[in-house]
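Engineer: no sequence on this one, just coordinates:
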């Protein structure tokens, strides 16, 4: 998944968080700027995500500053894909580009937004 060419789907079962002016698609929310170097923030995001149930690192790494996570729902095991890219900012600061979306269905009842917001809360 490439944030530079991303086009959002017409369905509401997705959530995009990006720094201002980053990527092609209009985000649902702007990323805060974290007072952490990119590699440190990337590892923190992975740690927060993997602490949640039914979540795995599918590809990429903290060292690459890009990775994909998959989290499955408890009841039906529906998979959601979460792509993350850490975006270096001025100095030793960084921000996040996160695209969380459901693989199936039209509505997610806000699950993807809530996930990203929960992770942000644990990072700040």
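Structural biologist: Right, received. Where do you want to start? This structure is a prediction, so every number in the text was calculated from the model and none was measured. Numbers count the residues shown, from 1 in each chain.

Engineer: spatially nearest residue to the residue nearest to the spatial centre of the chain, not counting backbone neighbours?
Structural biologist: Per CA atoms, centre = their mean, the C-alpha nearest to the average position across the chain is that of residue 98, at 2.8 Å. Excluding the flanking residues, the one nearest residue 98 by CB to CB, 6 or more residues apart in numbering is residue 17, at 4.5 Å. Heads up, the C-betas are built off the backbone N, CA and C, glycines and all.

Engineer: residue 52 now?
Structural biologist: With CB to CB, 6+ apart, the residue lying closest to residue 52 is residue 71, at 6.5 Å.

Engineer: and the gap between that neighbour and residue 25?
Structural biologist: From residue 71 across to residue 25, the span is 21 Å (CB to CB, to the nearest Å).

Engineer: do residue 106 as well
Structural biologist: The separation that residue 106 has from residue 25, given CB to CB, amounts to 19 Å.

Engineer: pairing partners for the helix or strand containing the residue nearest to residue 52, with directions?
Structural biologist: Taking DSSP states H and E as the definition, residue 71 sits inside strand 66-72. According to DSSP bridges, strand 66-72 forms sheet pairs with strand 55-61 (antiparallel), strand 79-88 (antiparallel).

Engineer: what sits against the residue nearest to residue 29 when sequence neighbours are not counted?
Structural biologist: In this structure, residue 29 finds its nearest non-sequential neighbour in residue 17, 5.0 Å apart by CB to CB, 6+ apart. With contact set as CB atoms under 8 Å, 6 or more residues apart in numbering, residue 17 has these partners: 27-31, 96-99, 116, 120.

Engineer: I would like the residues contacting stretch 48-58, please.
Structural biologist: Residues outside stretch 48-58 that contact it (CB under 8 Å, 6+ apart) are 46, 67-74, 77, 81-82, 119, 122-123.

Engineer: 6 Å instead?
Structural biologist: Residues outside stretch 48-58 that contact it (CB atoms under 6 Å, 6 or more residues apart in numbering) are 68-72, 119, 122.
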